[in-house]
Structure formats: structure tokens, C-alpha cells
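Trainee: Predicted model, plus sequence, below.
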Amino acid sequence: MKEKKLQALKKLVKYAVPIESLPTMTTEQFKQAIDDGKQLTIIDDLVHNIDEIIPNHPGGDIILKAVGKDATDHFYGRTKIYKHSNAASNFLSNTRIARYVKTSSADDKKQD
């Protein structure tokens with residue numbers, strides 16, 4: 001009986017997409033997505049869609065400063081911003097949508 005309950009609970013857990021399965025996103029694609037109104041940030045070279053985090057972020061509107069930027073140093077407390085917990089890291093892993101590939105404008109134009 002306990003095993004059935006455990007199996008039912010496991011089905012409710014949302015696991016993050018494995019990093020190696022994520023598509024890549026170049027600098028130009030990232031900038032275009034931001035210009036299109038997407039609420040994206042970069043942490044550890046992973047692009048995260050933070051739309052769902054913004055309204056309920058425990059730190060309030062400060063998260064808006066991360067939109068369109070690399071927020072790695074802020075997330076890990078390397079600046080004056082609060083260092084996030086393991087729980088926050090786990091939650092964030094469910095928002096990753098791409099692996100960030102830093103490119104120059106010239107590189108992006110070559111891909112077209």
C-alpha cells in the first residue's frame with residue numbers, strides 16, 4: 001500500500017530537462033527573445049524563463065533586474081544580492097530552456 005502511494009507521488013514530481021537535451025541559444029537569439037518580451041535570464045550559461053517566478057519571488061521585484069542579463073553572480077551571492085538556497089537552485093532548474101552560447105554579432109550573422 002505504501003509503495004502504491006509512493007509511486008503515485010513520484011508521478012507528481014516535475015523533473016528538470018537534462019542540460020544535454022536542451023537546445024542552444026546564441027547571444028543574438030537571447031537578445032531577440034528579450035526584445036520580444038520574454039522574461040529570460042542567464043545563470044551558469046543556462047537560459048531560464050522566469051515568467052512564473054517573478055510574481056512570487058520572495059525578494060520581490062529585485063528579480064526584474066535579472067531579466068535580459070547574466071545573473072550568475074547575483075544568484076550565488078557574489079554581489080550584494082542574497083545567496084540563493086539549494087531549494088531555489090532546484091526550483092530554478094525547472095525553468096531552464098536552453099544552453100547559452102555566447103557569440104559576437106559577426107558570429108550570429110554567419111549563422112543566418
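Mentor: Great, that's in hand.
Trainee: burial of Tyr15, as a residue count?
Mentor: Close neighbours of Tyr15, defined as other Cβ atoms under 10 Å, add up to 8. All C-beta spots, glycine's among them, are computed from the backbone N, C-alpha and C.
Trainee: Confirm that it sits in a strand.
Mentor: No: with DSSP: H, G, I helix; E, B strand; the rest coil as the criterion, Tyr15 is coil rather than part of a strand.
Trainee: quick one, phi/psi of it?
Mentor: Main-chain torsions, Tyr15, degrees, to the nearest 10: phi -90, psi 150.
Trainee: hey, what's the spatially most central residue of the chain bridged with?
Mentor: In the chain, the residue lying closest to the centroid (Cα atoms, centre = their mean) is His48, at 2.0 Å. Counting by DSSP bridges, His48 is bridged to Thr41, Arg96.
Trainee: wait, doesn't it sit right on Lys38?
Mentor: No: between His48 and Lys38 there is no contact under Cβ atoms under 8 Å: 10.6 Å.
Trainee: and the residue nearest to the centre of the chain, what does it touch?
Mentor: By Cβ atoms under 8 Å, 6 or more residues apart in numbering, the contact set of His48 is 40-42, 92, 95-97.
Trainee: farthest pair in these?
Mentor: Leu40 and Leu92 (12.6 Å; Cβ to Cβ).
Trainee: what mean pLDDT does the lengthiest helix in the chain have?
Mentor: What stands out as the longest helix in the chain, according to DSSP state H, is helix 2-12. Mean pLDDT, helix 2-12: 77.
Trainee: Give the buried residues for stretch 41-50.
Mentor: For stretch 41-50, the buried set under the neighbour-count rule, 16 or more other Cβ atoms under 10 Å, comprises 41-44, 46-50.
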